[in-house]
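Asks: Model the following, please.
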Amino acid sequence: MNKLKVIYEDNHIIVVEKPVNVPSQGDKTGDVDMLTIIKAYLKEKYNKPGNVYLGLIHRLDRPVGGVMVFAKTSKAAARLSEQVREKVFKKTYLVIVNGRMQEKKRNITRLLIKK
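Replies: Residues are numbered from 1 along each chain as shown. Sure thing, here's the model as predicted:
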């Protein structure tokens, strides 16, 4: 995997770009996942001994690439998770299609994007 693309980082959160086909968290495949990648990054960057805390705030499906927010403290994780529950935390999806879509499928895509 290429170097981790950090978009923003402070004492409480880290915002990164998740590449396509990388799971957000570990699964039965055992493939390297974003939680593991970012924990290793933080451990090395800050020379942390032992385990590194990293809270998963939201997920993106494996085939999807995009921006993800992770909490570096349990307090930040609790507050961000509450924002997700209360729908204060907003996500926007952009879909890029190569070629022409059939009319029926296009309408389904519009419905999915509006959610």
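
Asks: host element of the residue nearest the centre of the chain?
Replies: By C-alpha atoms, centre = their mean, the chain has its centre lying nearest to residue 68, at 2.9 Å. Assessed by DSSP states H and E, residue 68 sits inside strand 66-71.

Asks: Which residues belonging to that strand are considered buried?
Replies: 68, 69, 70, 71 (16 or more other C-beta atoms under 10 Å). From N, CA and C alone the C-beta is placed, and that goes for glycine too.

Asks: could you give me the average pLDDT of it?
Replies: Across strand 66-71, pLDDT averages out at 96.

Asks: If I take the next helix or strand after that strand and strand 66-71, what angle do their directions form?
Replies: Remark: after strand 66-71, the chain's next helix or strand is helix 74-85, criterion DSSP H and E. Going by axes from the mean of the first three to the mean of the last three C-alpha atoms, to 10 degrees, helix 74-85 is angled at 130 degrees with respect to strand 66-71.

Asks: got the buried residues for helix 74-85?
Replies: By 16+ other C-beta under 10 Å, the buried positions in helix 74-85 come out as 76, 77, 80, 81.

Asks: Quick one: the helices in the chain, in order.
Replies: Secondary structure of the chain (DSSP state H): helices at 34-45, 74-85, 103-114.

Asks: Return the member of the ones you listed having the minimum mean pLDDT.
Replies: helix 103-114 (a mean of 52).

Asks: per-residue pLDDT, the closest residue to residue 7 other than its chain neighbours?
Replies: Leaving aside its chain neighbours, residue 7 sits nearest to residue 15 (4.5 Å; criterion: C-beta to C-beta, 6 or more residues apart in numbering). We have a pLDDT of 97 for residue 15.

Asks: Residue 15: neighbour count?
Replies: Using other C-beta atoms under 10 Å, residue 15 is surrounded by 15 other residues.

Asks: Then residue 31?
Replies: Residues within reach of residue 31, counting by other C-beta under 10 Å, total 13.

Asks: surely it meets residue 23?
Replies: Yes - if you go by C-beta atoms under 8 Å, residue 31 and residue 23 touch, sitting 6.0 Å apart.

Asks: All good on my end, thank you.
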